[in-house]
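Novice: need the 3D shape of this:
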Amino acid sequence: MAFNSSPTLRTDKSIQPSPRWMAIVFAFSILAIGLGTAFIALALRPALQPAAGVSAEPVSSLIPPWIFWAVWLVIYPAQGIALWYIWRLRTATNIRGAVGWFTVAFVENLCFWLTSSLLITAVIDTIGLVLAYIVAWVFRRYSTVATLWLLPWLVWMPITTIFKWWVVATSM
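Specialist: Okay, here's the model as predicted:
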């Protein structure tokens, strides 16, 4: 009997069989929820009172809004595929923590649509940045591939957070 000093790795037997088309379902579901929330918030925006703090107008004058839309068109499906990789492990291990952290971070990311204040948006993004890295750390404990699918989110969050705080600092 040979001594195996390497850590125990998951085998295909520990992964719940899940057809690849389920990855597409997860990707489009997250995309639909994310963009659906954005469309609803934009439709209701005139009815919302402007929040206190710095207005979001300086951002749209520096960066065209379509860039934010394009970035999230990549991030949302990638998040869905990452979640699918975790979901496949549901019979082999307890995934409630990973799914819970993802849900908290996802809902928190949707909250920035609820304000027109850049200051509040910058605070929301800062919290989202921390949550994104917590989700990546938790996902990494389950699946390296799932964590790799989070890379667009992990790259974007520091960029947008720094940019928004820069605009807040220069417009006060």
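Novice: show me which helix or strand of the protein is least confident by mean pLDDT.
Specialist: Least confident helix or strand, the chain: helix 57-62 with a mean of 59, by mean pLDDT, DSSP states H and E.
Novice: and for residue 69, the neighbour number?
Specialist: Residue 69 has 11 neighbours, counted by other C-beta atoms under 10 Å. No exception for glycine: its C-beta is placed from N, CA and C like everyone else's.
Novice: next: residue 129.
Specialist: Using other C-beta under 10 Å, the number of residues around residue 129 comes to 20.
Novice: leaving out chain neighbours, which residue sits closest to it?
Specialist: In space, and not counting its chain neighbours, residue 129 is closest to residue 157: 4.4 Å by C-beta to C-beta, 6 or more residues apart in numbering.
Novice: got a list of contacts for the helix or strand containing the one you found?
Specialist: Here residue 157, judged by DSSP states H and E, is contained in helix 151-170. Outside helix 151-170, the residues that touch it by C-beta atoms under 8 Å, 6 or more residues apart in numbering are 54, 58-59, 62-63, 68, 71, 74-75, 78-79, 118-119, 121-122, 125-126, 128-129, 132-133, 136.
Novice: contacts for stretch 122-130 next, please.
Specialist: 105, 108-109, 111-112, 115, 157-158, 160-161, 164-165, 167-168.
Novice: look up how far residue 33 lies from the residue nearest to residue 129.
Specialist: Per C-beta to C-beta, to the nearest Å, residue 157 is found 18 Å from residue 33.
Novice: who's more crowded, those two?
Specialist: Using other C-beta under 10 Å as the criterion, residue 157 and residue 33 rank with residue 157 on top: 21 against 15.
Novice: mind listing the helices for this protein?
Specialist: 21-44, 57-62, 65-87, 96-110, 118-142, 144-149, 151-170 (DSSP state H).
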